[in-house]
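**Q** Have a look at this prediction, sequence included:
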Amino acid sequence: MILNQKMKMDICKIYRILSFFLLTFLVSCSVSKNYNPNKKYPREQLQHDYTLLRNILEEKHPSLYWYTPKDSMDLYFDRGYESIADSMTELQFGWTVLAPLTSAIRCGHTGFSMSKDWDKFIMYRRIPSFPLYVKVWNDTMMVMANLNRKDTAIKRGDFITAINGIKSAEMINTMFNYMPADGYAENVNYIRLSSSFPYFHRNVYGLFQHYFVQYSDSSGNQKSALIPYFAPSPDSVKKEKREEKLIERKITHQEKQENIRSLKIDSAFALMTINRFITGNLGSFIRRSFREIRKNQTENLVIDLRTNGGGNIDKSVLLARYLAKTGFKVADSAYSKSKNFKPFDRNISKTCENNLGLTVLTKKRSDGKYHFGFWERRSFKPKKKNHFNGNVYVLINGLTFSAS
């Protein structure tokens, strides 16, 4: 489903679970330095909020049963409720209950995130974790770095076959059950594990003082080692915090823009990189870029969208209009399950403008859904001025998503 981003109508994104869910049970927790990550919330309160979440998803989520049938989804809902057997911290509740639930929906726009209080608390903190970073593909895990620098038992390039008796293939599949994905396209989760394996291992399996790791070296020799967890020293954390703040101060506005989008042209190619369709004055950047490409008479264009997770659909349409040779449509169907978000207005952000948009821009049809006729009917024509007619190469990977 694709909706008008200007009106902020991307219904699926509204269900980024904790953006409205954690509000109900973290309202008493200050956003200040007094935040306590070890605070436990009563079982009854968590069950109440979980039931509220289930009701919202069942009544308002447009694609709840696209990939997971209702009877299976009901089973996941019931299982999640039953898993709230005692009081829990925010971290426990998120990773024990919410992560596997939202993963089961298989909607790439539906996941859970920690509260703003947690994000502020953890921003400049490094906490203990599994010590090895790994590159993950298929059922393979190759060691890329060891946070315990003095530990030389396992080296970069070694292949992990099991951790604490759990084989690599089983471990990867289990972790995937805690991550959102669109349908069964798991390529994005290989990237997530490869970039943050210690983070996911800690949150899914917990923290251990030592890990029994079975692995093979570059010669194929089977080995094993008992390695300690990574425990950052207070001094190293303070140093990293000072360095990060120093780096932040040095970044100019122009550099920030370049990190979002950039254009480089040489004698043979033009390389356009767009890392998101949200900020960065993209409209003027896209128009200016194709003007420069025309003036340079460049015949080959490479568009790098490998880290573009989406954003404003209008901006991606603008980019496509400079490339398309014929008219095109963005969506064959764009709809909402209901006319508004009642009775859950207080639990969902920006309901006033969203309800207004649903009322004005949608119309109920025979299937019982409220359709956005604009996106279903609208055909976009290619740009005439500065249109690119050469060879186009688009770079994508698992992170290329949504509007991109």
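**A** Thanks, I have the structure now. Numbers count the residues shown, from 1 in each chain.
**Q** can you count the residues close to the nearest residue in space to residue 114 that is not next to it in sequence?
**A** Distances taken as Cβ to Cβ, 6 or more residues apart in numbering put residue 94 closest to residue 114, at 6.1 Å, once the chain neighbours are dropped. All C-beta spots, glycine's among them, are computed from the backbone N, C-alpha and C. By other Cβ atoms under 10 Å, the residues close to residue 94 number 23.
**Q** and after the helix or strand harbouring residue 58, which helix or strand comes next?
**A** In the assignment (DSSP states H and E), residue 58 maps to helix 43-60. Sequence-wise, the next helix or strand downstream of helix 43-60 (DSSP H and E) is helix 70-82.
**Q** Run through who's touching the helix or strand just after that following helix.
**A** Scanning forward in sequence from helix 70-82 by DSSP H and E, the next helix or strand is helix 90-93. Helix 90-93 is contacted from outside by 22, 26, 37, 39, 41, 46, 84, 114-115, 118, 203, using Cβ atoms under 8 Å, 6 or more residues apart in numbering.
**Q** need the strands for this protein, in chain order.
**A** Under the criterion DSSP state E, the chain contains strands at 132-137, 140-146, 159-163, 166-167, 210-216, 222-228, 261-265, 270-274, 300-304, 335-336, 362-364, 370-372, 391-395.
**Q** one step back: buried stuff in the helix holding residue 58?
**A** Across helix 43-60, burial judged by 16 or more other Cβ atoms under 10 Å covers 46, 49-50, 52-54, 56-57, 60.
**Q** One more: stretch 309-327?
**A** Under 16+ other Cβ under 10 Å, the buried positions of stretch 309-327 are 309-313, 315-319, 321-324.
**Q** Return the closest of those with respect to residue 364.
**A** For the buried residues of stretch 309-327, the minimum distance to residue 364 (Cβ to Cβ) is 23.0 Å, reached by residue 313.
**Q** Would you agree the closest one is in contact with residue 330?
**A** Yes - using Cβ atoms under 8 Å, residue 313 is in contact with residue 330, at 6.6 Å.
**Q** Not counting its neighbours along the chain, what's nearest residue 320?
**A** Per Cβ to Cβ, 6+ apart, closest to residue 320 is residue 328, 6.8 Å.
**Q** ok, the one you found to residue 338 distance?
**A** 29 Å (Cβ to Cβ, to the nearest Å).
**Q** Just want to know which of these two has more residues nearby.
**A** residue 338 (17 against 14).
**Q** Report the contact partners of that one.
**A** Here residue 338 is in contact with 59-60, 358, 370 (criterion: Cβ under 8 Å, 6+ apart).
**Q** Now with 7 Å, please.
**A** 60, 370 (Cβ atoms under 7 Å, 6 or more residues apart in numbering).
**Q** for residue 302, same thing?
**A** Going by Cβ under 7 Å, 6+ apart, the list of residues near residue 302 reads 269, 271, 393, 395.
**Q** Max pairwise distance over those: which two?
**A** Every pair of these checked by Cβ to Cβ; the farthest is 269 and 395, at 12.1 Å.
**Q** rewinding a little: isn't the residue nearest to residue 114 right up against residue 112?
**A** Yes - applying Cβ atoms under 7 Å, one finds residue 94 in contact with residue 112, separated by 5.7 Å.
**Q** Closest one to residue 148 out of the contacts of residue 302, please.
**A** residue 395 (35.0 Å).
**Q** what about the residue lying closest to residue 198 once chain neighbours are set aside, neighbour count?
**A** Closest residue in space to residue 198, ignoring its immediate chain neighbours: residue 129 at 3.9 Å, by Cβ to Cβ, 6+ apart. Applying other Cβ under 10 Å, we find 20 residues neighbouring residue 129.
**Q** Model confidence at residue 129, what's the number?
**A** On the pLDDT scale, residue 129 is placed at 95.
**Q** if I look at the closest residue to residue 186 other than its chain neighbours, how far off is residue 199?
**A** Using Cβ to Cβ, 6+ apart and skipping the chain neighbours, the partner closest in space to residue 186 is residue 176 (5.9 Å). The gap separating residue 176 from residue 199 is 15 Å, by Cβ to Cβ.
**Q** Looking at the two, which has the bigger crowd around it?
**A** Legend: neighbour count by other Cβ under 10 Å for residue 176 and residue 199, higher for residue 176 (17 against 14).
**Q** Do I have it right that the more buried one meets residue 189?
**A** Yes - counting by Cβ under 7 Å, residue 176 does reach residue 189; the two are 5.2 Å apart.
**Q** who's in contact with residue 217?
**A** So residue 217 contacts 158, 223 (Cβ under 7 Å, 6+ apart).
**Q** The same query, at a cut-off of 10 Å, please.
**A** 143, 154-155, 157-159, 223 (Cβ atoms under 10 Å, 6 or more residues apart in numbering).
**Q** Restricted to buried residues, select the residues you listed in PyMOL.
**A** Selection of buried members from the contacts of residue 217 for PyMOL, criterion 16+ other Cβ under 10 Å:
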select buried, resi 143+154+158+159
